[in-house]
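Q: I'd like to go over a predicted model; first the sequence, then the structure.
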Amino acid sequence: MKILVCISNVPDTTSKINFTEDNTSFDTHGVQFVINPNDEFGLTRAMWFKEKQGATIHVATVGGPEVEPTIRKALAIGADEAMRVNAEPTDGLFVAHQLAEVIKNGSYDLIIAGRESIDYNGGMVPGMIAAMLNYNFVNTCIDLEIDGNTATAVREIDGGKEKISTSLPLIIGGQKGLVEESDLRIPNMRGIMMARQKKLSVLEPIEAIHGTGDIEFEKPAVKGAVKLVNADDINQLIDLLHNEAKVI
């Protein structure tokens, strides 16, 4: 089985986010970038298929040279080969076109992507790729087993879970549940050294439209001051909730 894991290069959740150029551009200075958590769950699941079923794992991303440390980490975790499409990932449609081209040229059985990235939370790329390639697609996937050409997936739905049987080739939008956080792998020294010798191909982008563009960014409003209420004064609490917070 040949697996492609789509990797997004995103800011660490502890990073302080700022914007430049009159709030129209994200300021990357001083920001630590990591593998998108939903993608990392997918990469770990792919590693299970490699260890249990002898699968081959490739990883792909869209971005400039600055994303290579992130994709090298994926190689250090255990991926066999990496590809970087040399273009700025400006919007989901553009990224989907680039990754669809990689998939068409790679003859992959299973494509694992995160259901969304934690920076823009668009949640659109896996579904777009599936539509472009006419592949089966399971979103919000929290469990996946492969037996021959048959895949059995579990996905989250409102109020419960749904178990689905489908065939390869398959694209999933994965999330926590594919594996748990405790299952995620930290590259060891041997993996880091081996990653330096693994193939990382730089691909030129295909011509594709950019479906959307950023107009302006805005940070959430600053939280107001906290008011402490005596536990014995229930009337004051009700008054504040009703007249000031206006939640009752």
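A: That came through, no problem.

Q: how close does Phe49 sit to Ile35?
A: 18 Å (Cβ to Cβ, to the nearest Å). Every residue, glycine included, has its C-beta placed from N, CA and C.

Q: Over to Gly78?
A: For Gly78, the distance to Ile35 - Cβ to Cβ - is 13 Å.

Q: average pLDDT for stretch 99-107?
A: Stretch 99-107 carries an average pLDDT of 95.

Q: let me fix that: stretch 175-195
A: The predicted model assigns stretch 175-195 a mean pLDDT of 93.

Q: just stretch 131-140 next, same as before
A: Mean pLDDT, stretch 131-140: 97.

Q: Which one's more surrounded, Phe49 and Ile35?
A: Ile35 (24 against 20; other Cβ atoms under 10 Å).

Q: what about the helices in the protein?
A: 37-53, 68-77, 92-106, 125-133, 189-195, 234-239 (DSSP state H).

Q: Let's have those in a markdown table, adding distance to Phe19.
A: Converted to a markdown table, those look like this (distance: least, Cβ to Cβ, whole Å):
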| stretch | distance to Phe19 |
| --- | --- |
| helix 37-53 | 23 |
| helix 68-77 | 22 |
| helix 92-106 | 20 |
| helix 125-133 | 23 |
| helix 189-195 | 33 |
| helix 234-239 | 38 |
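
Q: For Ala245, find the nearest of those helices.
A: Closest to Ala245 of the helices of the chain, according to Cβ to Cβ: helix 234-239, at 10.0 Å.

Q: now that closest one: how far from the chain's centre is it?
A: 44 Å (Cα atoms, centre = their mean, to the nearest Å).

Q: and Ile206, how far is that from Cys6?
A: 16 Å.

Q: More neighbours: these two, which one.
A: Cys6 (28 against 13).

Q: List the contacts of the more buried one.
A: Asp39, Gly42, Val59, Ala60, Thr61, Leu99, Ile111, Ile112, Ala113, Gly114, Val125, Pro126 (Cβ atoms under 8 Å, 6 or more residues apart in numbering).

Q: Of the residues you listed, which is the nearest to Thr20?
A: So of the contacts of Cys6, ranked by how close each gets to Thr20 (Cβ to Cβ), first place is Thr61, at 23.7 Å.

Q: I figured that closest one hits Glu88, correct?
A: No: contact criterion Cβ atoms under 8 Å: Thr61 and Glu88 do not qualify, at 11.8 Å.

Q: Settle it for me: which of those two has more neighbours?
A: Between Thr61 and Glu88, counted using other Cβ under 10 Å, the more crowded position is Thr61 (26 against 12).

Q: List the contacts of the nearest residue to the more buried one once chain neighbours are set aside.
A: Excluding the flanking residues, the one nearest Thr61 by Cβ to Cβ, 6 or more residues apart in numbering is Ile7, at 4.4 Å. Taking Cβ under 8 Å, 6+ apart as the criterion, Ile7 is in contact with Ile35, Asn36, Asp39, Leu43, Val59, Ala60, Thr61, Thr70, Ile71, Ala74.
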